[in-house]
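>>> Sequence and computational prediction follow.
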Amino acid sequence: MVERIARACRKAERPSDAVDLVAVSKTYDAEAIEPVIAAGQRRFGENRVQEAQAKWPDLRTRHRDIELRLIGPLQSNKAADAVALFDVVESVDREKIARELAKEMKKQDRRLRLYVQVNTGAEDQKAGVAPGETAAFVKRCRDEHGLEIEGLMCIPPLDENAGPHFALLRKLAREAGVEKLSMGMSGDFEQAIAFGATSVRVGSAIFGARQ
């Protein structure tokens, strides 16, 4: 997987180390994760706070250099747990979450790296800020809540070509003044790299098919 990412970077005329690999370990238990850590992987993504709480505290006592990212939706009543456990939250998608994260980071004296999730496909069932509201939302996160927004994240619709969505996220990042782009999964990460992804979220291509 690392070599495939490096090849995609070279093809896009980008440095071979320009993209971080986030191994999506949701639904996989500690026994399945341990060999991936042993192989050298250090960045992992989880979709749910409660699931991550069940396996990662123990794993992290044995592997203290792990970076853990929340890539799924965050409920406001889980903000305290998320701040305590994660290093990065990629799914800041509404005012209430921004406010709760700011409060909890101050309370716990922790500074998480944050991404705003953008609903590039305007899908009713999917979380995320509307594309046209992205720059203003990032500004409010900074000015009103004191949050340091590192980048943007998106999950394109399954039944559409992902390319236009990646291009849109890149454009929105420039408008919002952020540098990082979390986009691309197992089936389209190479295309995402061509559009400027700085991190890709890969699960089944690393761990195998989910049950």
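Yep, that arrived.
>>> Summarise which helices and strands the strand or helix carrying Lys107 is packed against.
Using DSSP states H and E, the element containing Lys107 is helix 95-108. Packing partners of helix 95-108 (3 or more Cβ pairs under 8 Å, 6 or more residues apart in numbering; DSSP states H and E): helix 79-85, strand 88-92, helix 134-143. Heads up, the C-betas are built off the backbone N, CA and C, glycines and all.
>>> What are the contacting residues of that helix?
Contacts with helix 95-108, where a contact means Cβ atoms under 8 Å, 6 or more residues apart in numbering, come from 74, 76, 79-80, 82-84, 89, 91-92, 110-112, 114, 137, 140-141, 145-147.
>>> do the same with stretch 200-211
Contact with stretch 200-211 is made by 1, 5, 19-28, 32, 36, 41, 45, 71, 182-186, 189, 192-193, as judged by Cβ under 8 Å, 6+ apart.
>>> State the mean pLDDT of it.
Averaging pLDDT along stretch 200-211 yields 85.
>>> since we're on Arg48, how many residues are nearby?
17 (other Cβ atoms under 10 Å).
>>> out of everything not next to it in sequence, what's closest to it?
Spatial nearest neighbour of Arg48, chain neighbours left out: Gly72 (5.7 Å); criterion: Cβ to Cβ, 6 or more residues apart in numbering.
>>> how about the one you found, secondary structure?
Taking DSSP: H, G, I helix; E, B strand; the rest coil as the rule, one finds Gly72 in the coil state.
>>> Was I right to think it contacts Glu46?
Yes. If you go by Cβ atoms under 8 Å, Gly72 and Glu46 touch, sitting 7.0 Å apart.
>>> what about these two, which has more around it?
More neighbours surround Glu46 than the other of Gly72 and Glu46, with 24 against 20 (other Cβ under 10 Å).
>>> Report the contact partners of the more buried one.
By Cβ under 8 Å, 6+ apart, the contact list for Glu46 reads Val24, Ser25, Lys26, Ala52, Trp56, Leu68, Arg69, Leu70, Ile71, Gly72, Phe86.
>>> quick one, helices of the chain?
Per DSSP state H, the chain carries helices over the ranges 2-11, 30-38, 49-62, 79-85, 95-108, 134-143, 163-176, 189-194, 204-207.
>>> Can you tell me which residue sits nearest the middle of the protein?
Glu90 (4.0 Å; Cα atoms, centre = their mean).
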